[in-house]
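*Asks:* Got a predicted structure plus its sequence, pasted below:
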Amino acid sequence: MLSVTSTWAIYIIYMGALIIFGVFVWWRDRHKSTTHFYTAGNSIHWFVLCMTYIAALMSTWVFFSGPGGYYRGGFGYYMSELSYMPLFPVLTYFVMNKVWLINTRRGYATPADIYADRFKSPVLRLILALVFFAVSMPYAAAIYVACGQAANVASGGLISNTSVIIFVGITALLFVPFGGVKSVAWAATVQGWIFMIALWTIGISAFVVGFDGSFGDAVASVWTNSNNWFSYPGPASWAPYSARLGYPLACAIGWTIMLPDVFIRAGYFGKDLAAQRQLMRFQPALQLIVWTGCMVIGFVAIALVPGLSGADTELVIPYLITEIISPEMMGFAIILMSLFVWGVLAKGLSAATSHLLVAGSIISEDILAKLLKLKVSKNTHMVIARLAVAALGIAAMVLAINPPDLIWTLIMFAIALVMPIFPVLVATLYWRRATAPGAIWASIIGVIGVIVTYKMGYGDAWYGLFGMIAAAVVLVVVSLLTKPMDKAVLDEFYGQLEAAEDEYYEQEAARGAAK
């Protein structure tokens with residue numbers, strides 16, 4: 001479809017622009033601390049916060065796993081996706097807003113910081129650092145895989161996946177270590193619009209070309225050839241009764257709250273409490289726009305190119321462009337394929353760079369600075385932070401060169417793996433009686449529970465639900481059986497949280513009175 005020269009030009013121009021932007025942000029913020037490098041120090045405006053959150057959240061889902069998932073899962077699967085969205089504002093209000101409030105006083109840099117601050121446990125910090133690191137690495141690798149697949153498909157197989165993975169990985173490492181999280185956030189704001197526009201342009205174009213814009217004809221075609229797409233639990237049985245509970249909770253907790261890169265966005269980034277509230281309002285709407293675009297493409301694909309299976313279903317967008325649109329409108333198909341490649345880069349790199357920053361913070365802050373007590377100058381600390389990101393990016397590239405067949409496998413296991421940490425987070429914010437041994441054993445047993453669930457074959461329906469339940473039970477039992485934590489330590493943590501709440505609510509009341 002695209003020539004080798006055109007495909008490489010898209011990659012080189014796009015990645016070159018990112019590197020230039022990263023160097024500019026580095027030069028402007030070169031004297032800032034590592035905390036600012038990793039979390040922007042509570043300085044992100046609400047609009048940028050919303051866009052960087054949605055861009056980091058969607059990973060490779062938008063152009064590969066998402067449409068392919070709806071192709072295999074059917075309309076019932078789409079409805080199960082939507083069912084978790086009302087939980088997002090509730091969880092954000094009661095959990096992540098409190099994380100943001102305490103962060104304004106404590107200045108956290110890593111996802112594990114808040115837990116270690118509350119429980120004063122280096123062991124808990126190490127466990128959580130390893131869990132979050134284990135999640136970030138495969139997520140970044142999955143995104144590199146998607147970028148390689150996009151180039152391979154767009155060029156008709158003339159460009160190898162491996163060459164693109166190496167190119168994108170290396171150039172991303174020139175972007176992220178320079179600019180840090182602020183450059184990633186601003187780039188993601190632009191990239192968020194790119195991937196949403198590309199997604200809907202491709203979906204609508206395939207629908208118009210394939211069915212002359214007739215929704216009735218599209219429904220009739222699916223009903224005639226693949227009517228189980230409308231059935232329950234769907235053609236791939238992805239939405240059984242178990243998944244109606246397990247999957248929405250996995251999305252609402254594991255995906256939109258506990259993944260390390262979105263955790264720090266929802267809890268550490270926002271400029272003020274108003275930004276947090278805008279995040280609560282707009283994220284469900286933005287997710288609905290993306291989910292529906294993916295579903296439309298999956299629906300059109302099952303109607304126009306039925307019979308795909310396995311990893312082929314993650315290529316429904318290129319199939320639509322090459323087999324449906326290209327024979328009718330070759331020139332327009334080339335534009336759409338360019339949009340597809342551009343969208344994959346925009347979407348994938350927003351999430352990959354976010355995960356690399358988190359993984360880098362775990363190495364430089366959790367491991368070297370907090371656990372090993374490495375004492376270095378501010379400048380040396382920043383160099384270590386950047387080198388950690390670079391080293392992890394190389395490791396992600398190596399993993400991406402030989403990945404599992406389905407990108408979906410990497411993504412959903414990562415989401416399930418962080419779900420057991422959620423009860424510990426709730427206890428961190430609300431339960432004074434929770435103890436460090438309770439948090440430690442809850443994290444260990446919960447993660448083991450997720451792994452066992454997958455080993456027994458229940459992971460694809462229940463995801464991390466059993467592990468999360470086990471973690472909650474262990475947390476309560478062990479905490480009640482062990483000695484309560486020192487009252488002075490608890491008073492310090494919760495006193496800071498209460499003071500932050502009082503300060504911001506007083507400010508809001510004053511602003512309301514002024515109006």
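*Replies:* Alright, I've got the coordinates. Please read these numbers as outputs of a predicted model, since none were measured by experiment. Numbering: from 1, shown residues only.
*Asks:* what about the longest helix in this protein?
*Replies:* Using DSSP state H to define each element, the chain has its longest helix at helix 161-211.
*Asks:* moving C-terminal of that helix, what's the next helix or strand?
*Replies:* As assigned by DSSP states H and E, the chain's next helix or strand after helix 161-211 is helix 215-226.
*Asks:* List the residues that contact the closest residue to residue 14 other than its chain neighbours.
*Replies:* Distances taken as CB to CB, 6 or more residues apart in numbering place residue 345 nearest to residue 14, at 5.2 Å, with adjacent residues excluded. For the C-beta atoms, the positions are set from N, CA and C on the backbone; glycine is no exception. Residue 345 sits next to 10-11, 14-15, 147, 150, 168 when contact means CB atoms under 8 Å, 6 or more residues apart in numbering.
*Asks:* now residue 134
*Replies:* residue 417.
*Asks:* Mind doing that once more with 10 Å?
*Replies:* Residues in contact with residue 134 (CB atoms under 10 Å, 6 or more residues apart in numbering) are 359, 362, 413-414, 417-418, 447.
*Asks:* Next, count neighbours for residue 430.
*Replies:* By other CB atoms under 10 Å, 12 other residues sit near residue 430.
*Asks:* and what of residue 372?
*Replies:* Residue 372 - counted by other CB under 10 Å - has 9 other residues nearby.
*Asks:* ok, now the one 5 residues further on?
*Replies:* Residues within reach of residue 377, counting by other CB under 10 Å, total 8.
*Asks:* what's the nearest residue to residue 336 if we skip its chain neighbours?
*Replies:* residue 321 is the one closest to residue 336 (CB to CB, 6+ apart), at 5.1 Å.
*Asks:* was I right about that neighbour contacting residue 333?
*Replies:* Yes - counting by CB atoms under 10 Å, residue 321 touches residue 333, with 5.3 Å between them.
*Asks:* Now do the shared contacts for these two.
*Replies:* Taking CB under 10 Å, 6+ apart as the contact rule, residue 321 and residue 333 both touch 1, 205, 209.
*Asks:* Looking at those, spot the one nearest residue 286.
*Replies:* Among these, residue 205 lies closest to residue 286 (CB to CB), at 21.9 Å.
*Asks:* can you list the weak-confidence ranges in the stretch 301-450 of the chain?
*Replies:* Residue ranges of the stretch 301-450 of the chain with pLDDT under 70: 347-350, 403-410.
*Asks:* All the helices of the stretch 51-200 of the chain, in order from the start?
*Replies:* 65-73, 75-82, 87-91, 97-106, 113-119, 122-154, 161-211 (DSSP state H, counting those that start in this stretch).
*Asks:* Would you mind giving the ones you listed as CSV with mean pLDDT and distance to residue 295 added?
*Replies:* Below are the helices of the stretch 51-200 of the chain laid out as CSV (pLDDT from 0 to 100; distance: least, CB to CB, whole Å):
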stretch, mean pLDDT, distance to residue 295
helix 65-73, 85, 5
helix 75-82, 82, 4
helix 87-91, 88, 18
helix 97-106, 91, 30
helix 113-119, 94, 36
helix 122-154, 85, 19
helix 161-211, 81, 9
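*Asks:* Out of those, which is the most enclosed?
*Replies:* Each of these was assessed for mean neighbour count using mean count of other CB atoms under 10 Å. The highest is helix 65-73, with a mean of 27.
*Asks:* Only alpha carbons, please: show it as PDB.
*Replies:* What follows is helix 65-73, C-alpha atoms only, in PDB (Å, rounded to 0.1, in the frame of the first residue of the first chain):
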ATOM      1  CA  SER A  65      -6.700  -4.900  20.100                       C
ATOM      2  CA  GLY A  66      -9.800  -2.700  20.300                       C
ATOM      3  CA  PRO A  67     -11.300  -3.100  16.800                       C
ATOM      4  CA  GLY A  68     -10.000  -6.700  16.900                       C
ATOM      5  CA  GLY A  69     -11.600  -7.300  20.300                       C
ATOM      6  CA  TYR A  70     -15.000  -6.100  19.100                       C
ATOM      7  CA  TYR A  71     -14.600  -8.100  15.900                       C
ATOM      8  CA  ARG A  72     -14.200 -11.300  18.100                       C
ATOM      9  CA  GLY A  73     -16.300 -10.300  21.100                       C
END
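*Asks:* just checking, what packs against it?
*Replies:* helix 75-82, helix 161-211, helix 273-304, helix 316-319, helix 407-418 (3 or more CB pairs under 10 Å, 6 or more residues apart in numbering; DSSP states H and E).
*Asks:* That helix vs helix 122-154, what angle?
*Replies:* With axes from the mean of the first three to the mean of the last three CA atoms, to 10 degrees as the basis, helix 65-73 and helix 122-154 are set at 80 degrees to each other.
*Asks:* sorry, back to before: max pairwise distance over the contacts of residue 345: which two?
*Replies:* Checking the contacts of residue 345 with CB to CB, the most distant pair is 15 and 150, at 13.3 Å.
*Asks:* Now do the shared contacts for those two.
*Replies:* Going by CB under 10 Å, 6+ apart, residues that sit against residue 15 and also against residue 150 are 168, 345.
*Asks:* In TSV, list the contacts of residue 134 along with neighbour count.
*Replies:* Compiled in TSV, these are given as follows (neighbours: other CB atoms under 10 Å):
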residue	neighbour count
359	29
362	28
413	21
414	23
417	25
418	29
447	25
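*Asks:* List just the nearest of the residues you listed to residue 192.
*Replies:* Of all the contacts of residue 134, residue 192 sits closest to residue 414, with 21.0 Å by CB to CB.
*Asks:* Show the contacting residues for the nearest residue in space to the closest one that is not next to it in sequence.
*Replies:* Closest residue to residue 414 apart from its sequence neighbours, by CB to CB, 6+ apart: residue 135 at 4.5 Å. Counting by CB under 10 Å, 6+ apart, residue 135 makes contact with 111, 254, 258-261, 355, 358-359, 410, 413-418, 421.
*Asks:* redo that, cut-off 7 Å
*Replies:* Listed by CB atoms under 7 Å, 6 or more residues apart in numbering, the contact set of residue 135 reads 259-260, 414, 417-418.
*Asks:* Need the residue closest to the centroid of the protein.
*Replies:* With distances taken as CA atoms, centre = their mean, the residue of the chain nearest its centroid is residue 57 (3.2 Å).
*Asks:* wait, isn't that one in contact with residue 265?
*Replies:* No - at 8.5 Å, residue 57 does not count as touching residue 265 under the criterion of CB atoms under 7 Å.
*Asks:* what sits against the residue nearest to residue 336?
*Replies:* Going by CB under 7 Å, 6+ apart, residue 321 touches 1, 333, 336-337, 340.
*Asks:* Dump those into CSV; add neighbour count, secondary structure and distance to residue 92 as well.
*Replies:* Listed next are these as CSV, based on neighbours: other CB atoms under 10 Å; DSSP: H, G, I helix; E, B strand; the rest coil; distance: CB to CB, whole Å:
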residue, neighbour count, secondary structure, distance to residue 92
1, 20, coil, 41
333, 22, helix, 41
336, 25, helix, 36
337, 26, helix, 37
340, 24, helix, 32
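*Asks:* Would you format these as TSV with distance to residue 326 included?
*Replies:* Below are the contacts of residue 321 laid out as TSV (distance: CB to CB, whole Å):
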residue	distance to residue 326
1	7
333	4
336	9
337	8
340	12
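*Asks:* quick one: which of the residues you listed is nearest residue 370?
*Replies:* Closest to residue 370, out of all of those and judged by CB to CB, is residue 340, at 42.5 Å.
*Asks:* CA atoms of stretch 37-44 as PDB?
*Replies:* C-alpha atoms of stretch 37-44 as PDB (Å, rounded to 0.1, in the frame of the first residue of the first chain):
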ATOM      1  CA  PHE A  37      10.900  15.200  35.700                       C
ATOM      2  CA  TYR A  38       8.700  12.200  36.700                       C
ATOM      3  CA  THR A  39       5.400  13.900  37.800                       C
ATOM      4  CA  ALA A  40       5.600  17.600  36.700                       C
ATOM      5  CA  GLY A  41       5.000  18.600  40.400                       C
ATOM      6  CA  ASN A  42       1.300  19.200  40.300                       C
ATOM      7  CA  SER A  43       1.500  21.600  37.500                       C
ATOM      8  CA  ILE A  44      -0.600  20.100  34.600                       C
END
